[in-house]
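**Student:** Got a predicted structure here, sequence first:
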Amino acid sequence: MVMLKRNQQEFLYSRPAHHHLFPRAFPISSLIVVAFFPVAGHPEPQTSSQTATQTVQQPSEVPAIMGLLETQLRNKQSVAAQQSVQKLTNLLSPRDPRFFQLASLCAIHEDYATAIPLMEQVRAAFPQSYDVSYNLSLAYFRNKNYAKAAETLQILLGHQPRAEAYNLLATVQEQRKRYLEAVRAFQKAAELEPGNEDYRYDYAFELLRHQTNQAAIAIFASGVRDFPKSLKLRLGLGCAYYVIGKQEDAARTLLEAITIEPRNKLVYLFLGKTYEQAGSFQAAITDALRAYLEQGPQDPWAHYHYGTILYLLAQSSPKPDFQAAKSYLSRAVRMNSRFAEAYLQLAIVLQTEGQNKESLPVLGRAVRCNPKLAAAHYRLGLAYRRLGEKDKAAAEFALSEKLNAENQTGQAKQTVIQFLVEPGK
């Protein structure tokens, strides 16, 4: 990672799995540096005499030490790296662009204990530099010093109010659990750059995340109008409709999303969740899932949803045949051996066929994968009751009621939002 671009998508850390499938405009990752230098090659304009003086002052060994330091940081040679940093700080002034290069290099390799004090020195030398202050706040954020990140950004925004800084401030405030401040900062970023779909998405997602659902729908809908080719804004809108119980609107929106990106897993995941209450869109959802699965994706959720749909359709047939449903559900658990919902649905099919004893080990797998899955305990209760084991049945029914009392149904809808954050869940 030597060449870095001046945009947030490429540095401070590689986005881990728990972040949005669709990168937030901040999300999450980049130091404002071009080849380790601030935007124009210097944190602040310098006179030709200053530049000439600095060039004379810097020995030729600086590039060699910098290269050695990069190797040491990459290889986690902490003691040797600190010695190289000390040599470079003795040779370089904080006003030299290479000093900022040094700080950036340490930050890239997550040595924030070294990087942050160096960046503070650069900021002291160039207090009006947007890039230096932004990078410093990003380093504080990545080091989980959210209070300092917020303080640095608020000072920066006091004299240079830019959308990306507001977006980062919002992310910092979210981490600090200051949700109202986070929403306001996301809103400010979206207002400052109305042509940026990432900022619009972040603002709407923050509203949805904290159950300001109607406001989230309004922002997502405006985004879909302004960015008709945006997959993530349509997904967000579909998710928001799902959360408030407008399943037909959710299905319609998600079916539109397929025309933008026909192989996106999240589209089919959400479509499957809307099916039972999708009304006139049920046939279109079935066709969409069938066409998608014919392409052979390794997508356990799509197999699960299609298997569930086939089960529901078979139930309404005069001569039910559940083999196709069981086939797709079995594929889902082969693809994901921890897939509690798929085990549960497979057990439901077995019980519908009268195979209560056979459903017990399948339900056991579901409960081991997710002990709080109330429906699995309920189905265990049914199986035990039908098999004459009244005490076991009573225990499972009681546990199911207890879990339902914890508002698992409401939590399930909110959990849908997490798929935008944790697509691999």
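**Tutor:** Here it is on my side, so go on.
**Student:** Which stretches in the stretch 151-300 of the chain count as helices?
**Tutor:** Remark: helices assigned in the stretch 151-300 of the chain by DSSP state H, counting those that start in this stretch are 163-175, 179-192, 197-209, 213-226, 231-243, 247-260, 265-274, 282-293, 300-315.
**Student:** Okay, now the unreliable bits of the stretch 1-150 of the chain?
**Tutor:** 1-59 (pLDDT under 70).
**Student:** And for the host helix or strand of Leu403, what's in contact with it?
**Tutor:** Per DSSP states H and E: Leu403 is located in helix 390-405. Where contact means Cβ atoms under 8 Å, 6 or more residues apart in numbering, the residues beyond helix 390-405 that reach it are Lys372, Leu373, Ala374, Ala375, His377, Tyr378, Leu380, Gly381, Leu382, Tyr384, Arg385. From N, CA and C alone the C-beta is placed, and that goes for glycine too.
**Student:** Then stretch 246-259?
**Tutor:** Stretch 246-259 is contacted from outside by 224, 231, 234-235, 237-239, 241-242, 264, 267, 270-271, 274-281, 284-285, 288, using Cβ under 8 Å, 6+ apart.
**Student:** pretty sure Lys326 contacts Ala347?
**Tutor:** No: using Cβ atoms under 8 Å, Lys326 is not in contact with Ala347, being 10.6 Å away.
**Student:** Which residue of these two possesses the greater neighbour count?
**Tutor:** Between Lys326 and Ala347, counted using other Cβ atoms under 10 Å, the more crowded position is Ala347 (28 against 19).
**Student:** I'd say the more buried one and Arg379 touch.
**Tutor:** Yes: at 5.7 Å, Ala347 counts as touching Arg379 under the criterion of Cβ under 8 Å.
**Student:** quick one: common contacting residues for these two?
**Tutor:** Joint contacts of Ala347 and Arg379 (Cβ under 8 Å, 6+ apart) are Ser359, Leu363.
**Student:** Can you tell me the element Val132 falls in?
**Tutor:** Following DSSP H and E, one finds Val132 within helix 130-142.
**Student:** now for that helix, which elements pack on it?
**Tutor:** Secondary-structure packing of helix 130-142 (3 or more Cβ pairs under 8 Å, 6 or more residues apart in numbering; DSSP states H and E): helix 97-108, helix 112-125, helix 146-159, helix 163-175.
**Student:** What average pLDDT does stretch 261-280 get?
**Tutor:** Regarding stretch 261-280, the rounded mean pLDDT is 95.
**Student:** can you give me the end-to-end distance of that stretch?
**Tutor:** 23 Å (Cα to Cα, to the nearest Å).
**Student:** gap between that stretch and the chain center?
**Tutor:** The chain centroid and the centroid of stretch 261-280 are separated by 19 Å under Cα atoms, centre = their mean, to the nearest Å.
**Student:** in it, what's buried?
**Tutor:** Across stretch 261-280, burial judged by 16 or more other Cβ atoms under 10 Å covers 264-275, 278.
**Student:** what's the angle between the helix holding Val132 and helix 163-175?
**Tutor:** 20 degrees (axes from the mean of the first three to the mean of the last three Cα atoms, to 10 degrees).
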